[in-house]
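S.K.: got a predicted structure plus its sequence, pasted below:
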Amino acid sequence: MMKKTAVALLFTALAGRLAAAPLGLPPVPIPADNPQTPAKIALGDRLFHDTRFSADGKVSCATCHAQEKAFTDNLPVSKGFSGLTGTRNAPTVINSAYMKTLFWDGREPDLEGQSKQPFINPVEGGLPDHKPLLAVIRKDRAYTRAFKKVFGADRDAIDMGHVAMAIASFERTVVSGDSPFDRYYYGRDSKAMTPAQVRGLAVFTGKGRCVSCHTIEQTQALFTDNRFHNIGVGFKRISGRETQTAQQFLQARRQGADVDITVLTKADMSELGRFAVTENITEVGAFKTPTLRNIARTAPYMHDGSLATLEDVVDFYNNGGRVQQADPVSGFLSGGIRPLGLGKRDKRDLVEFMKALTSPDLDRFTKHRGE
């Protein structure tokens, strides 16, 4: 009883903290139709960590979004059931509550919609549909009691809408700010960042032009513009075949192909990026700007995990969207991507600045322990 009481108190504290966001972040947006409650957050935490919702009983949301890895998996592309791999790098769940769209191509508008997809993707959870997941829940007395308490739903009335709302509620507690940058920039603590990090901030907002997409505002910094850009990553795979690949995708979609499944199982089509959602040819190869918060803990980088270190990322941008300066440039490259002319110290300082975006409280998030 004491253990369960402690857990309930912990989730009560988490829910209460949402009203007072960490330094550098705005209040977490909460949908009117899915208000936060301690019981709902606790239920979502358990669902997030339950491996029974996969074809081999070994994969949960936390498999690709592990707390100890800053809610990523530190792999180039994620591994699903039976070790199958997809085509995309797992973005962190931290601060995903602020994202206006989810997935690298923005194909879901909210956390509720996003949370339903991995279970039934053939290279992630591997379930044929959501029925096996709901069957597990309806046979679990602890789950049925929790769903009754949170949603007023009897066993047979529990559905994926309830599951999605609970998981999303938990994910909205995974919020982290108050980094050295925040204390320096918003807290006016001149000693919070090192001299190299202060110089790196000047590069970030100046000649590096990073702030154009990784935004910093007067009272808050999400470090993302929530928009989509073709920066040249992954372009080589379909170079010269962009239009042909787009046409093949459209044909498959007209024949009923599921976008979520297609982009995680077809490597060429995965590189179409935002086009797979909008069918706008100008968005071929465009992917969502990721947040830079806690970026030092979430390697490797880019939608395909192709850049191993922050140094690699800085070199890539400094080369104008190319790994090597001699590499060809994508014809769909966004207009702002061009060589930066950063010197060696500029690059070192920029990396040091990004390390200053690491929050000190990444280990405070709860993990499901079977309560």
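M.R.: Good, I have the coordinates. Numbers count the residues shown, from 1 in each chain.
S.K.: show me where the stretch 151-300 of the chain has helices.
M.R.: 160-171, 180-185, 195-205, 242-254, 259-265, 267-270, 275-278 (DSSP state H, counting those that start in this stretch).
S.K.: surely G57 is in contact with T51?
M.R.: Yes. Counting by Cβ atoms under 8 Å, T51 is a contact partner of G57 at 5.8 Å. All C-beta spots, glycine's among them, are computed from the backbone N, C-alpha and C.
S.K.: quick one, phi/psi of the nearest residue to R227 once chain neighbours are set aside?
M.R.: If the residues on either side of it in the chain are set aside, R227 comes closest to T289, at 5.9 Å by Cβ to Cβ, 6 or more residues apart in numbering. Main-chain dihedrals, T289, degrees, to the nearest 10: phi -70, psi 120.
S.K.: which ones are touching T289?
M.R.: 213-214, 224-229 (Cβ atoms under 8 Å, 6 or more residues apart in numbering).
S.K.: counting neighbours, what do you get for the residue nearest to V233 when sequence neighbours are not counted?
M.R.: Nearest residue to V233, sequence neighbours excluded (Cβ to Cβ, 6+ apart): M302, at 4.6 Å. Per other Cβ atoms under 10 Å, the neighbour tally for M302 reads 20.
S.K.: I figured M302 hits R88, correct?
M.R.: No. Assessed by Cβ under 8 Å, M302 is found out of contact with R88, at 9.9 Å.
S.K.: not counting sequence-adjacent ones, nearest residue to the most centrally placed residue in the chain?
M.R.: With distances taken as Cα atoms, centre = their mean, P91 lies nearest the centre of the chain, 3.2 Å away. When the adjacent residues along the chain are set aside, P91 lies closest to P290, with 5.8 Å between them (Cβ to Cβ, 6+ apart).
S.K.: separation between the one you found and F223?
M.R.: 8 Å (Cβ to Cβ, to the nearest Å).
S.K.: what's near enough to touch P109?
M.R.: Neighbours of P109 in contact, by Cβ under 8 Å, 6+ apart: 100-102.
S.K.: can I get stretch 169-187 as CSV, trimmed to CA atoms?
M.R.: Extracted C-alpha coordinates of stretch 169-187, given in CSV (Å, rounded to 0.1, in the frame of the first residue of the first chain):
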residue,chain,number,x,y,z
SER,A,169,-1.1,12.2,-21.0
PHE,A,170,2.0,10.4,-19.7
GLU,A,171,4.1,11.8,-22.6
ARG,A,172,3.0,15.4,-21.7
THR,A,173,4.7,15.0,-18.4
VAL,A,174,8.1,14.3,-20.1
VAL,A,175,9.1,17.9,-20.2
SER,A,176,12.6,19.2,-19.6
GLY,A,177,14.1,22.7,-19.6
ASP,A,178,16.2,24.7,-17.1
SER,A,179,19.4,23.9,-19.0
PRO,A,180,22.6,25.9,-18.6
PHE,A,181,21.5,27.9,-21.6
ASP,A,182,18.1,28.7,-20.0
ARG,A,183,19.8,29.8,-16.8
TYR,A,184,22.2,32.0,-18.8
TYR,A,185,19.7,33.4,-21.3
TYR,A,186,16.5,33.6,-19.3
GLY,A,187,17.8,33.5,-15.7
